[in-house]
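# Pasting the sequence and the predicted model now:
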Amino acid sequence: MRNVKLGINIDHIATLREGRKDKNPDPLEAARVVLKSGGDMIVMHLRHDRRHIKDADIANVRENVKCLLHLEMAATKEMEKIALKYRPDSVCLVPEFEDEVTTRGGLKLKANSAEIKRITKTLSKAGIEVSYFVDPEPQDIRMAHNMGADAVELCTNVYAESWGKKFQAGELEKIQLAAYLAKELELGLHAGHGLDYYNVAPLAKIEGMDYLNIGFSVISRAVFVGLKTAVSEMKRAIQ
Ligand code: PXP
């Protein structure tokens, strides 16, 4: 059995709730089911427009559920303040653009290094583990290490899109090499975005993979089979 852990992103429970701007389905209840069904960590992405997860959801989960809480957020002063207020166990800094439907690609570390470095320092001082969402490129992994990140989350968007196509093997190799470098640099190793029940297996086999963070495919499957089954099936798929 492998040691890779499963972070379940519960954003899309909140997406459904926002369809009616109602109380249900409640991300708090989802967090409880995820933890009972094999999920190792609760992942929530607070976006600037609050289109799914709201500040109160983070407070609710933090206060009412004993779990590892991982917050995905943009590297902004507003989000930094929120992280310091709610104290997730870990934060992943991600890029965010006005019109995006979901995150596309990793952080542009070179262009934003001063601010990202500053936020990393503040969060680290507060005891929050910091990871950077990066493309599986050697220069980004090295830069994350130099800037003080504890871990990298390798962006698996392009790999996921390559599934069943000619360039699939090349994309997997890119991730394997990036993972190898991250471990050489003694960084924590996470991967995520666009992962599903099929494309996840080769990533779970990567030596040293600590966390796979998965949301959309699991919540989509939950619509048909229930959240408990959807999470436990994913847990099985990565073991
Ligand atoms: N990792 C990061 C950094 C993300 O921004 C997201 C989406 O919020 C995920 C993982 C989960 O992606 P998906 O919903 O495609 O599984």
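Now that the structure is in, tell me what you want to look at. Just so it is clear, the structure is predicted and the values come from calculations on it, not from any experiment. Numbering: from 1, shown residues only.
# Please make it C-alpha for all contacts and neighbour counts, starting now.
Fine.
# and the residue nearest in space to the middle of the chain, what are its bridge partners?
Centre of the chain computed as the mean C-alpha position; nearest residue by Cα atoms, centre = their mean is N213, 4.5 Å away. Beta-bridge partners of N213, counted by DSSP bridges, are G7, G192.
# Now do it against A204, distance only.
11 Å (Cα to Cα, to the nearest Å).
# likewise L107?
23 Å.
# Wasn't H190 part of a helix?
No - under DSSP: H, G, I helix; E, B strand; the rest coil, H190 sits outside any helix and is assigned strand.
# so who does it touch?
The contact partners of H190, taken as Cα atoms under 8 Å, 6 or more residues apart in numbering, are A151, V152, E153, L154, M209, D210, Y211, L212, N213.
# Now the third one: closest residue in space that isn't a chain neighbour?
What sits nearest to E153 in space, not counting adjacent residues and going by Cα to Cα, 6 or more residues apart in numbering, is H190, at 4.2 Å.
# repeat for the fourth one
Take L154 and drop its neighbours on the chain: the residue closest to it by Cα to Cα, 6+ apart is A191, 4.4 Å away.
# burial count for the one you found?
For A191, the tally of surrounding residues (other Cα atoms under 10 Å) stands at 27.
# same thing with V91?
27.
# same question, D55
Residues near D55, counting by other Cα under 10 Å: 12.
# out of the contacts of H190, which is most surrounded?
Result: E153 is most packed of these (other Cα under 10 Å), 30 neighbours.
# measure that one to the ligand for me?
7 Å (Cα to the nearest ligand atom, to the nearest Å).
# what's the longest helix anywhere in the chain packed up against?
Looking across the chain with DSSP state H, the single longest helix is helix 168-184. Packing partners of helix 168-184 (3 or more Cα pairs under 8 Å, 6 or more residues apart in numbering; DSSP states H and E): helix 138-146, strand 151-155, helix 157-161, strand 188-192.
# Can you tell me which of the ones you listed is most buried?
Sort those by mean neighbour count, taking mean count of other Cα atoms under 10 Å, and strand 151-155 sits at the top with a mean of 27.
# Neighbouring strands of that strand in the sheet, and parallel or not?
Per DSSP bridges, strand 151-155 is paired in its sheet with strand 129-134 (parallel), strand 188-192 (parallel).
# and the residue of the chain most remote from its centre, backbone torsions?
Of all residues in the chain, K166 sits farthest from the chain's C-alpha centroid, using Cα atoms, centre = their mean; the distance is 26.8 Å. Taking degrees, to the nearest 10, you get phi -60, psi -40 for the backbone angles of K166.
# and R221, what does it touch?
L227, A230.
# Check the gap between it and the ligand for me.
The spacing between R221 and the ligand, counted by Cα to the nearest ligand atom, is 12 Å.
# What's the separation between that residue and V200?
Counting by Cα to Cα - R221 and V200 are separated by 15 Å.
# circling back to that earlier point, including distance to L177 and mean pLDDT, could the helices and strands packed on helix 168-184 go into CSV?
CSV is the format used below for the helices and strands packed on helix 168-184 (distance: least, Cα to Cα, whole Å; pLDDT from 0 to 100):
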stretch, distance to L177, mean pLDDT
helix 138-146, 8, 97
strand 151-155, 11, 98
helix 157-161, 13, 96
strand 188-192, 12, 98
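# K66: which of the ones you listed is closest?
Nearest of the helices and strands packed on helix 168-184 to K66, taken as Cα to Cα: strand 188-192 at 21.6 Å.
# quick one, the closest one and helix 168-184 angle?
150 degrees (axes from the mean of the first three to the mean of the last three Cα atoms, to 10 degrees).
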